[in-house]
Structure formats: structure tokens, C-alpha cells
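Asks: Sequence first, then the predicted structure:
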Amino acid sequence: MTDTSPTSANPASADLTPAQGTVIVFSDIWCSFAHIAVQRLHATRARLGLEGRVGFDLRAFPLEMLNDAPSPRPGTDSEVARMASLEPAAGWQLWQSKDWLYPSTTLPALEAVLAAKEQSRTASEQLDLGLRKAFWAESRCISHRKVILDVAESTGVIDARALAEALDDGRARSALSEQTALSRTDRVSCSPHLFLPDGSDHANPGIDVRWEGSYGIGWPVIDSDDPKVYEDLLLRAAV
């Protein structure tokens, strides 16, 4: 499937209203809130029997580019226990591998998810889901090319050799750059941010959060969480 990401030279003019049956999802892989959102999207779609009617157009919201620095490990570590209690099925653990294997970037993984769209939207969805679980639940270095390709192979729906070729020639890199530019505008406010065919958009759906202390030192405080909002979002996308 050809990537339908915006190609406008002016990010502010990009069309973020997808076709019926599609939900645009801006996110980063090492964002715990996005890990919850993606898990709930997949689980709710399956429970509602909408797999053949609603798909996810995954786009990059690369936090390291927006913050001009890699995501700090103390920040992700501080989120694991609290966020895992909201959605245990997503898969979580504190980092278990060697310290030097902690990923310093998610850009190669985000590029791979975009490149996988060339094979199919399902390929992109499954690679994205697999990479999130590899990081959050398996402590694997998703910065590393071999890990990315191993995860792709394990999905059973991706031609890993074709994906490797796409990574070699960088054919999805311009889409990643364009989505980064769009993420810098006020059109996309956070990871995750969902856009529906009815023109509505939903930032971090269902979760109201604040921080006790600064990021990486304090911890997230969840004021409210309503997973049922995903039923409404997916039904609206399917109509």
C-alpha cells in the first residue's frame, strides 16, 4: 500500500482527515501512552469485529526530534509501573538488558513502520505493534537494524528482505521528515494523537494525566482513564 502521508511543503496545510475506515495515528514507539493507545486500538477493533473495516494509518511523532534529545530512560522507567496498571495486556517490564543496549533513537524503527506500508497497511500495523512490544515488554534494542528485521520476520505478514531493501535506499525517510515537520506544528499536539474521517481529532484518548515532579524525576499521576472511548472512535471510523 502506498504511503498516504502528507507531502505538502507547508505542513500546516496537510490534510489530516482520512478516508472512511481509516484512523490516522501519530505516535512515537517509546511513548508509554502511545503503547496503551495502540494496544487498545487493536484489542477494541478485534472485539468489535472491525478488522476488515477499520485500519490504522501510522505516522511518526518523533519525540527526540521535537525535544532535540533522545528520550531519557528515567522518564520511561518512571512510567512503566503506573501505565502498566492501566493496560497490563500491552506488555511491560523495567529494562532488563544491558544498559548499553537501551535504544538511543527510535527513528530507524519509525522509518521501518512507514516503509512497511509499501507492502500493506496490515504489515505496517503489525510491525508497529511488534516493535512496541519488543521495547516495552522484551527489553530489545529497537534502534538496531537486526532487531527491527527480526521483529518484522516474526510477524508472519512482512517480507523482511523487501523491508531491508526499503531501509537501505531510504525510500520512507522523506515521509518521516515530513511527518516530523507536521509534528512541530500545532496540528498534532502529542503522542498519541488520533484523526478520524469525520474531521475530529483526539489527543491521548480517554486519559487525563499530570506529572508529580519534572519528567524523569517525578512520576505520572492519572486523574482519569476511560478505555471505552476507543469503542466510540472505531465505530465512528467504520460508519
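Replies: Yep, it's here. In this text the structure is predicted, and so the values were computed from the model without any measurement. Numbering: from 1, shown residues only.

Asks: alpha carbons only for contacts and neighbour counts from here, please
Replies: Noted.

Asks: And the helices in the chain?
Replies: Along the chain, counting by DSSP state H, helices occupy 32-47, 63-66, 73-86, 107-116, 121-136, 145-155, 160-169, 173-183, 229-238.

Asks: by contact count, what packs against the shortest one?
Replies: Based on contacts counted as 3 or more CA pairs under 8 Å, 6 or more residues apart in numbering; DSSP states H and E, the elements that helix 63-66 packs against are helix 173-183.

Asks: Which elements pack onto the helix it packs on?
Replies: So helix 173-183, by 3+ CA pairs under 8 Å, 6+ apart, packs with strand 55-60, helix 63-66, helix 107-116.

Asks: ranking these by burial, who's on top?
Replies: Compared across the helices and strands packed on helix 173-183, helix 107-116 shows the largest average neighbour count, a mean of 26 (mean count of other CA atoms under 10 Å).

Asks: So which residue is dead centre in this protein?
Replies: In the chain, the residue lying closest to the centroid (CA atoms, centre = their mean) is Ser27, at 3.9 Å.

Asks: And it, what's its pLDDT?
Replies: For Ser27, the model assigns a pLDDT of 98.

Asks: again with Pro70
Replies: Listed pLDDT for Pro70 reads 89.

Asks: measure it to Leu114 for me?
Replies: 20 Å (CA to CA, to the nearest Å).

Asks: one step back: check contacts around the residue nearest to the centre of the chain.
Replies: Ala34, Leu58, Arg59, Ala60, Phe61, Pro62, Cys190, Ser191, Pro192, His193 (CA atoms under 8 Å, 6 or more residues apart in numbering).

Asks: next one: Leu66
Replies: Leu66 touches Thr180, Ser183, Arg184, counting by CA under 8 Å, 6+ apart.

Asks: mind redoing it with 10 Å?
Replies: Neighbour list for Leu66: Thr180, Ala181, Ser183, Arg184 [criterion: CA atoms under 10 Å, 6 or more residues apart in numbering].

Asks: go on, Pro108?
Replies: Leu114, Ile142, Ser143, His144, Arg145, Ile148, Leu167, Arg173, Leu176.

Asks: what do you get for Pro70?
Replies: Pro62, Leu63, Glu64, Pro103, Ser104, Thr105, Thr106 are the contacts of Pro70 under CA under 10 Å, 6+ apart.

Asks: Most neighbours among those residues, which one is it?
Replies: In terms of neighbour count, Pro62 stands highest of those at 30 neighbours, by other CA atoms under 10 Å.

Asks: so which of the contacts of Ser27 would you say is closest to Ala84?
Replies: Distance to Ala84 across those (CA to CA) is lowest for Ala34, with 12.3 Å.

Asks: any idea what sits nearest the closest one, other than its immediate chain neighbours?
Replies: Counting by CA to CA, 6 or more residues apart in numbering, Ala34 lies nearest to Pro192, which is 4.9 Å off, once chain neighbours are set aside.

Asks: any idea how far the one you found is from Leu48?
Replies: Separation of Pro192 from Leu48 (CA to CA) stands at 21 Å.

Asks: which of those two has more neighbours?
Replies: Pro192 (26 against 11).

Asks: Now do the contacts for that one.
Replies: Counted by CA under 10 Å, 6+ apart, Pro192 has contacts 25-29, 31-38, 59-61, 202-205.

Asks: Most neighbours among the contacts of Leu66, which one?
Replies: Going by other CA under 10 Å, Ser183 tops the contacts of Leu66 with 25 neighbours.

Asks: which stretches of the chain aren't confidently modelled?
Replies: Confidence mapping of the chain against pLDDT under 70 gives the ranges 1-9, 12.

Asks: The same query, at a cut-off of 90, please.
Replies: For the chain, the stretches flagged by pLDDT under 90 are 1-14, 70-72, 75, 81, 211, 213-219, 239.
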